[in-house]
Structures are given as C-alpha cells and as structure tokens.
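Chemist: Fold the following.
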Amino acid sequence: MEAKVFRDKIDYFSFLDTVIIGVSKDSVRCHTNFKAKYSLPFSLVSDENAEMLGKYGVWVEKSMFGKKYMGIERTTFLIDKKGKIVKIWKNVKVSGHVDEVLEEVKRI
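Modeler: Modelled structure (predicted):
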C-alpha cells in the first residue's frame, strides 16, 4: 500500500522539508480511521465531490469487465515551494515509486 511506504520514508521527506498529503474521495471519517489504523504521520484530504480530483485531472473514466465507471487515476504530484507542479507520476505502482519521488525531491 502506497500510504504505508510513504509513512515508512517520512523521516527522509521531513529532512528534505517535504510535506506529504494524500487525497481521495473517502469521507473524513474514513480518513480518520485509515490514518489511525496505519499510523500515518501526514494529512489526508477528503474530496468527496471530486472537485479537486477533477481539477488535477485524476478523476477519470475507468473500465473493468466491460463496465465503465469514474475513479481516481493513482497519481503523485511533486509541487515546489512556489506552488508549481514540477513532476507528475501517473498510474503509479507502489514498488519503487516512493524512492523515485524521494530522488526527485533531492534534485529540486
């Protein structure tokens, strides 16, 4: 699970003055429970109406077993201190992803 890997590397990100924020359509209550269950040391943002997800272009049409539905395209955005998106990873896979993000953070 991606959140757990980011959690396990949080000291590295903190040392580099980097803030981790997770966003999903889950409710605040779900996020509170999820955060407690996995001891996540970073913020989770609830976007139940998918407004932010839509603005970032990650609320997309998906298909499973021939049925179309709307869902989140797992994406990581690296945003610099000026608020500029400097790197985007789309359709991320957990394995190796957090280390790749960490290396990119070191470069900026």
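
Chemist: Would you tell me what helix or strand the most centrally placed residue in the chain is located in?
Modeler: With distances taken as CA atoms, centre = their mean, residue 22 lies nearest the centre of the chain, 4.3 Å away. Per DSSP states H and E, residue 22 falls inside strand 21-24.

Chemist: Parallel or antiparallel, list what pairs with that strand.
Modeler: strand 43-46 (parallel) (DSSP bridges).

Chemist: Show residues contacting the strand it pairs with.
Modeler: 19-28, 30-31, 34-35, 52 (CB atoms under 8 Å, 6 or more residues apart in numbering). (Glycine included, C-beta is placed from N, CA and C.)

Chemist: separation between the residue lying farthest from the centre of the chain and residue 92?
Modeler: What lies farthest from the middle of the chain is residue 66; by CA atoms, centre = their mean that is 27.0 Å. Per CB to CB, to the nearest Å, residue 66 is found 25 Å from residue 92.

Chemist: do residue 63 as well
Modeler: Residue 63 is 19 Å from residue 92, by CB to CB.

Chemist: Who has more neighbours out of those two?
Modeler: Using other CB atoms under 10 Å as the criterion, residue 63 and residue 92 rank with residue 92 on top: 17 against 9.

Chemist: can you pull out the strands in the chain?
Modeler: Assigned by DSSP state E, the strands in the chain fall at 21-24, 43-46, 59-64, 67-72, 75-79, 85-90.
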